[in-house]
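K.L.:
Attaching a predicted model along with its sequence, questions to come.
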Amino acid sequence: MYERKYHKHISARHNWFDLKLNEVWQYRDLIFLFTQKNFTVSYKQTILGPLWLFINPLLTSVMYMVVFGNIAKLGTDGIPQLLFYLSGNAVWSYFAACLNGNVATFTSNARLFGKVYFPRLTVPISNVLCSVIRFGIQMLLVVILLGYYIWKGAVSPHWEALLLIFLLLLWLGCMGMGVGILISSVTTKYRDLSVLVGFGMSLWMYGTPVVYPMSILPEGILKKIILLNPVTAPMEMFRYILLGEGNILPVSIGVSLLFTILVMLGGIVVFNKVERTFMDTV
């Protein structure tokens with residue numbers, strides 16, 4: 001009987017743009033397995049498990065209400081405070097998870113990468129998919145609260161643009177993953193740079209309209225800088241679609257999309273370059 005033989009040829013890649021992205025699709029089952037593992041491990045041996053996906057953003061939003069809403073007296077464009085902060089926190093948490101989940105891709109998976117071959121990009125992609133699942137669960141709380149305020153007549157979503165939210169998720173996911181794998185590639189050699197990530201993310205968050213609307217900012221250089229923040233456009237678009245209020249400018253969208261494309265393509269190229277030699281430095 002004739003036996004079919006399968007061969008897998010693994011060779012060194014010398015071209016920076018020899019990315020072999022088709023391999024990532026061939027290993028899509030592995031991506032889903034990594035996604036399931038990441039989500040399960042996150043809440044293993046916890047009392048409340050995935051309920052923390054509701055509790056954490058709710059407590060954070062209440063803290064924002066006290067600090068920024070009541071003490072700092074920052075407005076929310078007429079949107080109920082809890083809904084404003086909860087929606088902003090959900091979007092920022094998703095972006096931050098896509099980024100932070102990938103900044104240690106090489107260092108956290110060094111043992112696995114050293115034992116078996118598979119496309120390394122499957123790991124950051126699975127981290128983004130896991131973040132999508134978490135975002136979906138968090139959005140249940142936002143949707144419940146949104147339904148209540150729609151019934152009260154406090155907000156008016158733009159239903160005709162609702163499907164654009166999925167594009168916003170892809171947009172932010174690509175941006176977060178691109179920045180994350182770039183940082184991961186650099187920190188294989190310079191570990192101390194990873195210490196700055198936490199500080200940088202905090203600074204980035206306050207430079208994004210998460211806890212304040214764009215309308216309260218005075219015209220000037222500060223407002224222009226925040227408008228050029230690549231996360232500002234998707235954040236404002238999300239609020240415009242879901243809450244009916246948002247400051248959307250074409251230049252802000254253009255800068256954000258250009259940044260996302262550059263950082264995503266650049267991140268993948270550098271990531272694939274570093275993966276060939278990172279075992280010598282990790």
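P.N.:
Noted; the coordinates are in hand. In this text the structure is predicted, and so the values were computed from the model without any measurement.
K.L.:
pLDDT at residue 262, what is it?
P.N.:
With respect to pLDDT, residue 262 scores 96.
K.L.:
what about the helices in the protein?
P.N.:
Here the chain has its helices, by DSSP state H, at 21-26, 28-42, 52-64, 81-100, 105-108, 110-115, 122-152, 164-187, 195-206, 221-227, 232-243, 250-274.
K.L.:
which residues are in contact with the first one?
P.N.:
It refers to helix 21-26. 31, 119, 121, 122, 125, 268 (C-beta atoms under 8 Å, 6 or more residues apart in numbering). Where C-beta positions appear, they are placed from N, C-alpha and C, glycine not excepted.
K.L.:
The shortest one too?
P.N.:
Contact partners of helix 105-108, identified using C-beta under 8 Å, 6+ apart, comprise 113, 120, 123-124, 127, 180-181, 184-185, 187-188, 191, 194, 271, 274-275, 278, 282.
K.L.:
at 10 Å what do you get?
P.N.:
The contact list for helix 105-108 (C-beta atoms under 10 Å, 6 or more residues apart in numbering) reads 101-102, 113, 120-121, 123-124, 127, 177, 180-181, 183-189, 191, 194, 271, 274-275, 278-279, 281-282.
K.L.:
Just the buried ones from the residues you listed?
P.N.:
101-102, 113, 120-121, 123-124, 127, 177, 180-181, 183-188, 271, 274-275, 278, 282 (16 or more other C-beta atoms under 10 Å).
K.L.:
in the stretch 151-282 of the chain, which ranges drop under the pLDDT threshold?
P.N.:
Within the stretch 151-282 of the chain, the stretches with pLDDT under 70 are 192, 278-282.
K.L.:
residues touching residue 171, list them.
P.N.:
95, 164, 230, 231, 233, 234, 237, 238, 253, 256, 257, 260.
K.L.:
right, I mislabeled it, should have said residue 88
P.N.:
Residues near residue 88 by C-beta under 10 Å, 6+ apart: 57, 61, 64, 76, 79, 205, 208-213, 235, 238-239, 243.
K.L.:
switch to 6 Å and redo it
P.N.:
residue 210 (C-beta atoms under 6 Å, 6 or more residues apart in numbering).
K.L.:
And for residue 172?
P.N.:
The contact partners of residue 172, by C-beta under 6 Å, 6+ apart, come to 95, 234.
K.L.:
make it 7 Å
P.N.:
By C-beta atoms under 7 Å, 6 or more residues apart in numbering, the residues touching residue 172 are 94, 95, 98, 234.
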